[in-house]
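Peer 1: Fold the following and give me the result.
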Amino acid sequence: MFCRRCGAELSAGATACPRCQEPVLPPGMPAGFTAPGLQPPAQPQSSTGMYAPPPAGQWPSQTHAGQQFPPAGEQFNAPPPIPPSAWLTSAGPTGSAPPPPPPARPLLETLFGPTPRPGIALAHTNGVQQRFLSRLQPTTAGNVWFGALVGGLLSFVVAFFLAVICSLLLGGVLDQPFTSVAALLNLVSGSVSASGGGHSISFYSNPLVLFDYAHRSTFIFKLGETASVTPVSASISNSLSVTPPATVFLLIPVLGLLFGGYFAASTDYTGRRLFSMMRGASVCLVYALLALLLSFVTSVDLSTSSGSSSATTLTIAPDALSVFLNSLLCGLIFGALGGYLRARSFPTATTGPLNRRNTRLRAAWAGARFSLTVLFSICLALVLALYLLAQIGGPTLQSEGSVSLGTSRPSTCHIFLQQPATAPSPTLPSSLSSNGLSGPAWFLVDSPPLAGWVMALSLGAPLQLTGGGLGAVLNTSIGLIGADCGPGTKGALLYLLLVIPAIAFFLGGRRAARFAYDSTAAEATGTGLLLAGMAALGMVVIAFISSITASVLGVSISFGPSLLWSLIATLLYGAIFGVPGAILARTGTPPQPAPIAYATWPMEPGAAAPTRFSGPLDLHHAQTLIPGGGAPPPQTPPAYPGSADIWHAPTQAPGSGSISDARTQASNPESRSGPQPPNPPGPIRS
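Peer 2: So this is what the prediction gives:
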């Protein structure tokens, strides 16, 4: 510390400079103020108006009067300059330094929200939280690890229970076509009947296999044959891996994970959607680990023998890595969806200039979902209609020409609808035996991937048959535009499929523009382009999960919609038809910010107080909340601006004169104003 007058260095605790006797002011004291005990005595004025020297014994003393300052022979250095970085942290005029910045929150709290402190009283918003609070401590009821562990376990139990139900109801019907596989094994081994009394392979009848099949896991078929001729014995083993498409059985993990994700999201008491969705997605790891353990004990074995000379075995088992990855992905997506369903009642953020971009992104995502849902629904109805027409003897898909298997492309190949020469025998009016229901049951199970194929065809993207090691031999495509096998002259009716996605994306563009409250054509165009991009990504996912992949003898073969052409075609459809729909549906008026959602505050005059807590809750600063929905006590907002904490909404009732109610703000947007910062500390000046 240095003297502000002469620059001499001062010792700690000094009250005056030892050289110039300048008083040392406490830190933060203004320059024009002198502390008590350091004030110089009053100096009488002379007749000339100048101050006379002070009497002896008072400051300054007579020994210093008339002396040269600074004393001869002494040099004083200027005090060191204050760096600019210290200007912002130095004490202000009031003598109070600004508060230190708040500490950074841990990564776990940033992703999943804070855990309630011990002794805090929480308010429930659903029945699950009510049971938590009645039986558990607040720290356990709001713990993310508790929700992830119990939610993942419940998801697995519910999904496995649904797999058992489906195997009991549909397993025997769906396993009927496997009778031919058992007969083929009998023919290979030379035996008369398969072991087990001629029963077919229990694939769908096994709930363990059905559980892995529902997750689109890869299955490995191992065929082994052993021949023994004295004194020589030989064995041959071949393997085949098949990845099935996503079928109706995908609803088994979806329903289980929605339930578990909702349960895990109920451990969040902050009232924020992001935290609830992240807690719902946290069940994925526990769910995937349990599915992995189940795959280790899952297999189907079928063996036939012809005396003691030869034996044929067939083993079907899921691939453990595929089960783990697919279960992890399903848990991440559908668990987060369960958390979103739990958080749908939470108030959304205020729509204002600061989050206008987020509003448009949500609107584009809503329009993309609507477009793909409409397109999938129409294609699924078309697939079911074609199947019903085929069962009653109506027109079916026909093909003519030849498809070359060499390097040359096929010269003639057409697909079209035509009445068959001999109508098939109807199977729907048949008896309710398992053989009569096998065909319709298989079609209902496989109808979703068939609808995905029709979606790609309606967009113009072809269906491709590709092979890894035999690419030049097996590469061929079937579709409407740019395919090896197209409709031709007889299939001109199939080009009407191109109208279906046009209608879907036009309606999706209208929906997106209304949700985004676009007022200009430029904003509507941007929303339509965002819709096209999001819909293209969604279509690629649909094309991927509806494809079939097999690997035999080191050669990978896949059949399904082309991913690249599905992406390009969806982008074109979204831009050509989604943008006009958004432009025609724009509101024409700029969006107005919505009223602020206040916690436990009725939104209309005279409305009763809510019975349950429905607003955001800060678990770091909230001291007490009345269970059952009572209003929390008034809370003091943190320092403004720059505070990283949460601003608690005021709890005054409407009509109190300090906060206008939502109806008044909605009718008069010009009078709407956001929350104001509190008055700074210090004296109030009139």
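Peer 1: per-residue confidence averaged over stretch 556-572?
Peer 2: Here stretch 556-572 scores 91 as its mean pLDDT.
Peer 1: Pull out the buried positions in it.
Peer 2: The neighbour-count check on stretch 556-572 (16 or more other Cβ atoms under 10 Å) flags 557-563, 565-567, 569-572 as buried. From N, CA and C alone the C-beta is placed, and that goes for glycine too.
Peer 1: Counting only strands, which of these make the cut?
Peer 2: The members of these that map onto strands under DSSP state E are 557, 558, 559, 560, 561.
Peer 1: Against residue 117, how distant is the second one?
Peer 2: According to Cβ to Cβ, to the nearest Å, residue 558 stands 54 Å off from residue 117.
Peer 1: just the first one next, same as before
Peer 2: Relative to residue 117, residue 557 is positioned 59 Å away (Cβ to Cβ).
Peer 1: With the third one instead?
Peer 2: Distance from residue 559 to residue 117, counting by Cβ to Cβ: 57 Å.
Peer 1: right, and residue 376 touches residue 451 too?
Peer 2: Yes: taking Cβ atoms under 8 Å as the definition, residue 376 is a contact partner of residue 451 at 5.9 Å.
Peer 1: Which one's more surrounded, the two?
Peer 2: Legend: neighbour count by other Cβ atoms under 10 Å for residue 376 and residue 451, higher for residue 451 (21 against 18).
Peer 1: Would you check that the more buried one makes contact with residue 379?
Peer 2: Yes: applying Cβ under 8 Å, one finds residue 451 in contact with residue 379, separated by 4.5 Å.
Peer 1: which ones are touching residue 491?
Peer 2: Taking Cβ atoms under 8 Å, 6 or more residues apart in numbering, we find residue 491 in contact with 414, 415, 416, 417.
Peer 1: export the ones in strands among the buried residues of stretch 556-572 to JSON lines and tack on distance to residue 488?
Peer 2: Shown next, in JSON lines, are those (distance: Cβ to Cβ, whole Å):
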{"residue": "557", "distance to residue 488": "26"}
{"residue": "558", "distance to residue 488": "26"}
{"residue": "559", "distance to residue 488": "21"}
{"residue": "560", "distance to residue 488": "23"}
{"residue": "561", "distance to residue 488": "21"}
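Peer 1: Just name the closest of those to residue 524, please.
Peer 2: Comparing those against residue 524 with Cβ to Cβ places residue 561 closest, at 30.0 Å.
Peer 1: Excluding residues flanking it in the chain, which one is nearest that closest one?
Peer 2: residue 456 (3.4 Å; Cβ to Cβ, 6 or more residues apart in numbering).
Peer 1: how about the helix or strand where that neighbour lies: buried residues?
Peer 2: Using DSSP states H and E, residue 456 maps to helix 434-459. Across helix 434-459, burial judged by 16+ other Cβ under 10 Å covers 437-443, 445-459.
Peer 1: ok, then the element right after it?
Peer 2: Sequence order places strand 463-467 as the next helix or strand after helix 434-459, per DSSP H and E.
Peer 1: In CSV, list the C-alpha atoms belonging to that next one.
Peer 2: C-alpha atoms of strand 463-467 as CSV (Å, rounded to 0.1, in the frame of the first residue of the first chain):
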residue,chain,number,x,y,z
LEU,A,463,-35.5,-50.7,-54.1
GLN,A,464,-32.0,-52.1,-54.4
LEU,A,465,-30.6,-55.6,-54.2
THR,A,466,-26.9,-55.4,-53.5
GLY,A,467,-24.2,-57.8,-52.7
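Peer 1: What strands line up against it, and which way round?
Peer 2: Paired neighbours of strand 463-467 in the sheet (DSSP bridges): strand 476-478 (antiparallel), strand 555-561 (antiparallel).
Peer 1: what helix or strand does residue 148 sit in?
Peer 2: Under the criterion of DSSP H and E, residue 148 resides in helix 144-174.
Peer 1: Check which helices and strands that helix sits against.
Peer 2: In terms of contacts (3 or more Cβ pairs under 8 Å, 6 or more residues apart in numbering; DSSP states H and E), helix 144-174 is packed against helix 207-214, helix 251-265, helix 273-281, helix 284-295, helix 320-342, helix 434-459.
Peer 1: Tabulate the ones you listed (a markdown table), appending mean pLDDT and distance to residue 506.
Peer 2: Formatted as a markdown table, those follow (pLDDT from 0 to 100; distance: least, Cβ to Cβ, whole Å):
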| stretch | mean pLDDT | distance to residue 506 |
| --- | --- | --- |
| helix 207-214 | 93 | 35 |
| helix 251-265 | 95 | 29 |
| helix 273-281 | 92 | 30 |
| helix 284-295 | 95 | 36 |
| helix 320-342 | 94 | 27 |
| helix 434-459 | 85 | 14 |
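Peer 1: can you put these in CSV and add distance to residue 150?
Peer 2: Shown next, in CSV, are these (distance: least, Cβ to Cβ, whole Å):
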stretch, distance to residue 150
helix 207-214, 20
helix 251-265, 7
helix 273-281, 11
helix 284-295, 9
helix 320-342, 13
helix 434-459, 31
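Peer 1: Check the burial of residue 133 by counting its neighbours.
Peer 2: Residue 133 has 18 neighbouring residues, counting by other Cβ under 10 Å.
Peer 1: right, I mislabeled it, should have said residue 296
Peer 2: Using other Cβ under 10 Å, residue 296 has 11 neighbouring residues.
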